[in-house]
Structures are given as structure tokens and as C-alpha cells.
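Trainee: Here you go, sequence then predicted model.
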Amino acid sequence: GIVMCCTFGDQADMEWYFKHDLPLRVAITKDGRMNENAPGYEEMTIKEARKRIIEDLKNNKLLLTQTPIKHPVNTHDRCGTDVEILETPQWFIRYLDLKDKFLKAGEELNWHPEFMKNRFDNWIKGLQWDWCISRQRHFGIPIPVWYCEKCGEVLLPDEGELPVDPVNDLPGKSCKCGSKEVRGEKDTLDTWATSSLTPQIAASLFPDIYDKLYPMDLRPQAHDIITFWLFNTLVKSQMHNSINPWSDVMISGWALDPKGKKMSKSRGNVVEPQEVISKYGADCLRFWAAGSKLGEDMPFQEKDLLTGKKMITKLWNASKFAIMLLGDYKPNKVDPAKLKTIDLWILTKLNRIIKLATESFEKYEYSKNKMETEKFFWQILCDNYLEIIKDRLYNQDKYSKEDVESVKYSLYIAVLDVLKLMAPIMPYITEAIYQMYFKEREGKKSIHNDSWPEYNQKLVNEDAEKAGDLLVDISSAVRKFKSDKELALKTEVKKLTIKCDEEQKKLIEFVIDDLKAVTKANEVDFGEGTDIVSEEFELGVNVEI
Ligand SMILES: [Zn+2]
Ligand SMILES: [Zn+2]
């Protein structure tokens, strides 16, 4: 049969050109006009020529029919201009023969999240070209080579001569052919050809500890440049040093516009971080950003910034309230056996969060830490614990010295550790609160110099946790009862009767003082007769006013 092949219409043409050693016929000039190989159409742009060819065919009655078709056309991603392939001399790094080596190196990386490795693998498997590192741009890092004008030999500088600008500098020696006439390379390096050296460049700023810094631990970046920055950095490191440039890679998503579309200057839907920061502060923006799961894009919603703002206000107010309650407290070590059950309850919850947050951060899953700490802070610490313990700190003389010490210790630790857990996400507000109270007690210059909270198994007590959960459940049932009856929350309860099983009863008895304090009940009894059923454990709760 017969095929139509033009050098170069597309990838297939190009492959045939090389495979069958076809003669090269270039019909388009660098500025996109037809040349002498297109007689009759010289100087026309491609689009003009197309129109003209059809007219000519019509005029000569050669055109039988015209049908519109749809087909893919490669275009420039920025401006949409059609791509035409030209043959020009370029600099390449040969690496198509190293695909297996790169795939294996990718296996050795710890990917966060795991599934992003697919993009890396697919890119390598699909590579059809070596790495073209030369660009025809006015600005960029020069390619340090000269060409001998006489024999065409490529002249390289010695390493000691670098950096050189071959357009202005001359080589230190003459060509093998004896000629001194040279032409400097005008092309510049592709951006990735140098940004792919960032680990080595950054480490070389600290020559004394270079070996400690390189290879590095982590490459954090977004998913759009896995095939560029990440891949090329790995290529360079493997080719120069036969090692991976880092052990872990953390791939984040994109911030999208509120409708979930990619932000771009041409669409005019870019939300400028600086504007958001000046309106809400950096903590709010960070709080929002830390809500994204690794590898997933997230639309920018202004209301999420308001959630951050509320978090800041609540952190400030709740901490100030706690600090007021703590007064001149000096932190001491406390024997867990001497802690009151409800204090052990919050410390148990806190330690579970510490464990989870630490494990999440180890895996670079910062959003999990943010979400769980936020929940603990609002629901456990603010909505419940602060309410439950208020009485013990307002009326300290009503309680034993040990019980007061227990609550102060627990409150102090809970607030401090929440601040520490939030510090990487909201560095400013947590630091402000730390400076106000905790700095002089902890003896560190800044919260960011202080240690990460450590999980303490001794402060995890399942019975205390269950007992506290029961208390919270019953007290919110009482709260609901009072608000349904339009009674003030501080309304005294003559007698509170709880219907529960024996095991629950035993647990509730551990926290009965606190239950009385928070519900304002004079007496708590167990038995039948229910006004309401609690939400979580479905206990019958009878409230006698
Ligand atoms: Zn373009
Ligand atoms: Zn020469």
C-alpha cells in the first residue's frame, strides 16, 4: 500500500523518518511560514496556506467533497498555539536506557501518599525522548560550551573555570585543530536541568555537614510536577551519585478556586495568599491549608477561613480562661494514681490524640492531626472539661488539696499540649499564648523550641475514659432537659435519677462529685423513672427540680 508521511507532522512521522532513513523535507520556517519547499505558498502562515490550498483545489475542480472532522491537535499549554515539529540541534541527556534504574529508585522512595507513585512510574514507562535540556530563551543559566568555528568541535571549560558565560567569555585553551576562533553557545538550560540539583545545591551551602544533609529526608511538593521536579531531581542524583536525593516524598494537592477549578492568571480566578493573610492572618490560611489530605486538591472557600478565625478566638479565650483558673500554678509531677477520675479522663483522651497526631505527622498526614486536635479542643476540653472542673477551681476550699492539685495538673497539661499540637499549624496564636503564661514555667524561649508532647501510657485509663464519657452523656441530657424547659443552666436539680446497668453504675460512681457539680444536682440516685434518654449510651435520666 501507500502511506502519506511528512517530516514532521506528528510522532509517527518522526519515528518513520528515523526508522526508514527518509529524506528530510522542511516546509515550515522557524517563524511558522511556508518556505521554498511549498512552491506557490511561500511566506504564507500555515493557516493562510491551508485556506489557499483548498481554494486552489476547488478552482482546479480537484476537491470532491469536504467533511468537518474532529481530531486531537497538540497545542502549547499556556497559549494554545498549535505545535509544529521542527528539526533543530538541541542538547540532550541520554537516559532512555536508564528507565529500569529510575523505576527501581522510585520503588525505594517512601511515597506519601502511596498512590502518587503511579504518576512517577507511568511517566517513566511512557518516556519516548531523552531529556532535552537546552532552551532558546534570552535569560537562563548558560550552557557552558563553545564551538570551534573552523572544525565544529565542541569545547568544554575545565571545572575550575566555571561558571562561564560562553557568549562573553573565551575558552582557556584553543581547539585541537589549532584554531582560536570560537562561537559561544547561545542556548540556555531548561529550568528543570538546574532546579533538579536543589538538594545538592542546598547542602553545598553547608560544606561542613554536606554528607549529613545529602541525601535529604524529604521532598515536599505538589502533584503537578512529579514528572518534572521530582523525577528530574531523582535522575540527577542517580546519574551523579547513584543514590536517591531523599528517602521520603510528600505530595500535596492544589488549592483550587471556590468552584473547584484550577486557579490561573488568564482565568482571573487566582486567590492571592498575601491578600488572604492581610485579611485573616497567616494562622487562618495555614489552618485552612492543613485541612487538605495529602495528594488531594481542595477548593478555596472563604468560610473555611472563618472557621480558622473562630479557632484562633477560641484558643485565645479558652486559654486565657484556663490560665485565670490556674493562677500562679507551678507544674509538678503528679502520681497518676492520685488523679481524680475525670482528670484522668481528659488525660486519657489527650494521650490518645498525642499518639494519633504523632503517628500522623510521622507519615506527613498533617490534616489528621489538625482535625483530631481541633475536635479534642472544642468538644472535650472546652465544651465539657472546662465546664466540669470550673467548680473545683472556683471553690477550691470545698475540695481536698489533692483534688485541686489533680485538676490543675490536668488542665495545665491539656492546654499546653493542645497548643503544642496546634503549633505547627497555627504558629502565631499558639506562640502568643505560650509567651503569656507557659514560657516562664516551661523555661523555653518559644513554643517552637519546646518538645513535642509525648504519649504517656500511664495516663491512659480505660475505666476513667468510660466514666468520663458517661458523665458527659448524662450532663448533656440534663442540659437539654433544662433548655427544653427554658430553665437556666445553673438551675439546681433536687435529685437526678439514672437508669443504667451495674457496670455503668460503678463507673458513674467514680465521677459522682463532678456529675453533681456540673449538673447542679444535690443528689444523684440510680433507679427507674425517666424524663429523657441520653444520646450516646441511652441511659434513662430523671431530673427532679
Ligand atoms: Zn505558546
Ligand atoms: Zn577546531
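Mentor: That came through fine. Ligands and ions are numbered 1, 2, ... in the order given.

Trainee: Leu421 contacts Ile354, doesn't it?
Mentor: Yes: under the criterion of Cβ atoms under 8 Å, Leu421 makes contact with Ile354 at 7.2 Å. For the C-beta atoms, the positions are set from N, CA and C on the backbone; glycine is no exception.

Trainee: and for the two, which residues touch both?
Mentor: Shared contacts of Leu421 and Ile354 (Cβ atoms under 8 Å, 6 or more residues apart in numbering): Pro453.

Trainee: The closest residue to Lys480 other than its chain neighbours: how many residues sit nearby?
Mentor: Once flanking residues are discounted, Lys480 sits nearest to Ile532: 6.7 Å by Cβ to Cβ, 6 or more residues apart in numbering. Using other Cβ atoms under 10 Å, Ile532 is surrounded by 16 other residues.

Trainee: in the sheet, who's paired with Ile532?
Mentor: For Ile532, the beta-bridge partners under DSSP bridges are Val541.

Trainee: so Ile380 sits in a helix?
Mentor: Yes: assigned with DSSP: H, G, I helix; E, B strand; the rest coil, Ile380 falls within a helix.

Trainee: Can you tell me how far it is from Asn449?
Mentor: Distance of Ile380 to Asn449, given as Cβ to Cβ, to the nearest Å: 27 Å.

Trainee: ok, those two, which is more surrounded?
Mentor: Ile380 (21 against 11).

Trainee: ok, so what distance separates Lys490 from Glu387?
Mentor: Taking Cβ to Cβ, one finds Lys490 at 11 Å from Glu387.

Trainee: need the contact list for the closest residue to Ile226 other than its chain neighbours.
Mentor: Spatial nearest neighbour of Ile226, excluding adjacent residues (Cβ to Cβ, 6+ apart): Arg119 at 4.8 Å. Contact analysis of Arg119 by Cβ under 8 Å, 6+ apart lists 223, 226-227.

Trainee: Type out the ChimeraX command that picks the buried ones from those.
Mentor: Burial among the contacts of Arg119 is assessed by 16 or more other Cβ atoms under 10 Å; the matching ChimeraX selection reads:
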select :223,226,227
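
Trainee: which of the contacts of Arg119 lies closest to ligand 2?
Mentor: Distance to ligand 2 across the contacts of Arg119 (Cβ to the ion) is lowest for Thr227, with 38.9 Å.

Trainee: does the nearest residue to the closest one once chain neighbours are set aside count as helix, strand or coil?
Mentor: Leaving aside its sequence neighbours, Thr227 sits nearest to Trp123 (Cβ to Cβ, 6+ apart; 4.2 Å). Classification of Trp123 by three-state DSSP places it in helix.

Trainee: right, and Trp123 touches Asn232 too?
Mentor: No: checked against Cβ under 8 Å, the pair Trp123 and Asn232 is beyond contact range at 10.6 Å.

Trainee: Between these two, which has more neighbouring residues?
Mentor: Neighbour totals were compared for Trp123 and Asn232, and Asn232 leads with 23 against 16 (other Cβ under 10 Å).

Trainee: Centre of the chain to the helix or strand containing that one, how far?
Mentor: Taking DSSP states H and E as the definition, Asn232 sits inside helix 231-241. Relative to its parent chain, helix 231-241 has a centroid offset of 24 Å by Cα atoms, centre = their mean, to the nearest Å.

Trainee: for that helix, packing partners?
Mentor: helix 99-108, helix 117-126, helix 191-195, helix 198-204 (3 or more Cβ pairs under 8 Å, 6 or more residues apart in numbering; DSSP states H and E).

Trainee: and those, which is most packed in?
Mentor: helix 191-195 (a mean of 18; mean count of other Cβ atoms under 10 Å).

Trainee: After the strand or helix carrying Asn351, which helix or strand is next?
Mentor: For Asn351, the element it lies in under DSSP H and E is helix 341-362. The helix or strand immediately downstream of helix 341-362 is helix 366-375, counting by DSSP H and E.

Trainee: thinking again about what came up before, next, format the contacts of Arg119 as CSV and append pLDDT.
Mentor: Formatted as CSV, the contacts of Arg119 follow (pLDDT from 0 to 100):
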residue, pLDDT
His223, 95
Ile226, 97
Thr227, 96
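
Trainee: Turn the contacts of Arg119 into JSON lines, columns for secondary structure and distance to ligand 1.
Mentor: What follows is these, written out as JSON lines (DSSP: H, G, I helix; E, B strand; the rest coil; distance: Cβ to the ion, whole Å):
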{"residue": "His223", "secondary structure": "helix", "distance to ligand 1": "23"}
{"residue": "Ile226", "secondary structure": "helix", "distance to ligand 1": "23"}
{"residue": "Thr227", "secondary structure": "helix", "distance to ligand 1": "20"}
